[in-house]
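Enquirer: sequence below, structure please.
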Amino acid sequence: MTSEKPVILCVDNNAYTLSNLVADLQGQFSTHYTIQTALHGQAAFDLFSDLLCEGIEIAMVISDYIMEGVKGDELLVQIHKVSPACIKILLTTSASLSGISNAINNANLYRYIEKPWATNDLLLTVEEGLASYYKDKRLHEQNLQLHNMNITLEKKVKEIEEKAADIKASINYAKRIQNVLLPKAETIGEALPQHFIYYKPKDVVSGDLYWFYQTLLGNTFIAAIDCTGHGVPGAFMSVIANNLLNKIVIDQEIYYPNQILNELTRAVKWVLKQDDNSNNRDGMDMGICKITPDRKKLLYAGAVHSLYYFQNNELHEIKATKCSIGDSLLDLPPEGYELNEVLINSPTSFYMTSDGFRDQIGLDGKARLMSKRFKELLHTLQNYPDMQEQGQLVSQTLADWTGNWKVKQTDDIVVVGFKVGALLGEQN
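Expert: Model (predicted):
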């Protein structure tokens, strides 16, 4: 077969009847269809199989019922098994009820037409049958496309889920690394028995961190640091901050807070390759304190973030130099970061925070905590002499403000508090 037009297959054991059937169909359907014929059931099925093997579409089979060998209903059932979409029509003078039922139930019979047929009725039936065939074909093709799209989508979703799982596993591993870099509470507690650290990353990993070190001679350093960004980018910056502080203070033994910040901003610019032509503004805001071995003096230097302290029931704020570590939009003064000194002649509580606390949005979705509420909180904390209780109150304050965190966390948060002075178990 060379024709690529769809086929209408006509089957009848009477050659004259078959010729009349073809003649009626040719006039209306020959332009778009090839009319094929067979004189008995087995010949029809063999022809049908050959056409399928050649990739030729068979849109309709019109079959007589009473034929030599295979009856019409049996032929249509056989055809239905290999081509269920094909339209099947019985055209005969007589057919048993069981035969018609068999064709309906097992071959999805489209129509039964009695001989002699009315030509107009035949043509209308064939036309409607072909229209139904192509409607079902389009629907099948659309369903197949949707099925294939769903398979593709499922594969993509699976790939995304696998990638997300890999990314999550990597971030969780990064969190373990970041947690290892943070000083242990026991280490801080040995030097500062009265202290708390409130540390809450916005995401799995954090751009905020706290840093601690005590020299053999008893110089004690503690810092609260807020790096550019949060999540993974912020975490990268936190690792840089931690490593550079270790190098500056521990390796280079630079012990004055202002000199530490001066060296840190130089080091950050070098590590991040920041120069006059760079658009890189990454860096950090922070405050760092040094408590002298005799516990009589605290030295502080800050980049943007203030130091707050309570002494003799009075709140004091030491404002930081308004210049971030790294390539700040504001130029660092020629003298560098300012060094501040607090004399500790009575029990004194000190506090440092990142801007994540002040910037946290409340339940109304608009208002932020701001510095005023932070200072009000510091006043409230003085009713709780134990610093661990103060840390719990900081946590509860944020939970109340956000409706137990029904509001999404705005930024990473770190709040550091410690008390120095005539404390039980602490020598001056």
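Enquirer: I'd like to know how many residues surround the nearest residue to N172 once chain neighbours are set aside.
Expert: Leaving out its chain neighbours, the residue that sits closest to N172 by Cβ to Cβ, 6 or more residues apart in numbering is V204, at 6.4 Å. Quick note: C-beta positions are derived from backbone N, CA and C, even for glycine. Neighbours of V204 under the rule other Cβ atoms under 10 Å: 14.
Enquirer: does V204 touch I177 like I think?
Expert: No. Counting by Cβ atoms under 8 Å, V204 stays clear of I177, with 11.7 Å between them.
Enquirer: and the helix ranked longest in the chain, what other elements does it pack with?
Expert: In the chain, taking DSSP state H as the definition, the longest helix is helix 119-181. Helix 119-181 sits against helix 15-29, strand 58-63, strand 87-92, strand 111-114, helix 231-245, with contacts defined as 3 or more Cβ pairs under 8 Å, 6 or more residues apart in numbering; DSSP states H and E.
Enquirer: how does it look with 6 Å?
Expert: strand 58-63 (3 or more Cβ pairs under 6 Å, 6 or more residues apart in numbering; DSSP states H and E).
Enquirer: can you list the residues that contact the following helix or strand past the strand it packs on?
Expert: Downstream of strand 58-63, the next assigned helix or strand under DSSP states H and E is helix 72-82. With contact meaning Cβ atoms under 6 Å, 6 or more residues apart in numbering, helix 72-82 is reached by 41, 44-45, 48, 61, 63-65, 88, 90, 99, 102-103, 106-107.
Enquirer: state the pair within the residues you listed that is farthest apart.
Expert: F48 and G99 (19.3 Å; Cβ to Cβ).
Enquirer: the more surrounded of the two?
Expert: The residue with more neighbours, out of F48 and G99, is F48; 24 against 20, by other Cβ under 10 Å.
Enquirer: any chance you could list what contacts the host helix or strand of that one?
Expert: Counting by DSSP H and E, the element that carries F48 is helix 41-53. For helix 41-53, contacts defined as Cβ under 6 Å, 6+ apart pick out 7, 11, 38, 58, 67, 69-70, 75, 78-79.
Enquirer: quick one: distance of it to the chain centre.
Expert: Centroid displacement of helix 41-53 relative to its chain, using Cα atoms, centre = their mean, to the nearest Å, is 55 Å.
Enquirer: same thing with stretch 282-299?
Expert: Remark: stretch 282-299 is offset 40 Å from the chain centroid, using Cα atoms, centre = their mean.
Enquirer: and that stretch, what's buried?
Expert: Residues of stretch 282-299 classed as buried: 282-292, 295, 298-299 (neighbour count, 16 or more other Cβ atoms under 10 Å).
Enquirer: closest to Q214 among those?
Expert: Proximity of these to Q214 (Cβ to Cβ) peaks at I291, which lies at 9.0 Å.
Enquirer: before we move on, back to that, farthest-separated two in the buried residues of stretch 282-299?
Expert: Farthest apart among those by Cβ to Cβ are D282 and R295. That separation is 36.2 Å.
Enquirer: for Q390, give me phi and psi.
Expert: phi -60, psi -40 (degrees, to the nearest 10).
Enquirer: show me the residues around it that make contact.
Expert: 196, 381, 384, 417 are the contacts of Q390 under Cβ under 6 Å, 6+ apart.
Enquirer: and with 10 Å instead?
Expert: 194-196, 198, 349, 351, 377-378, 380-384, 415, 417-419 (Cβ atoms under 10 Å, 6 or more residues apart in numbering).
Enquirer: and what of A118?
Expert: 124-125.
Enquirer: ok, it to V11 distance?
Expert: From A118 across to V11, the span is 20 Å (Cβ to Cβ, to the nearest Å).
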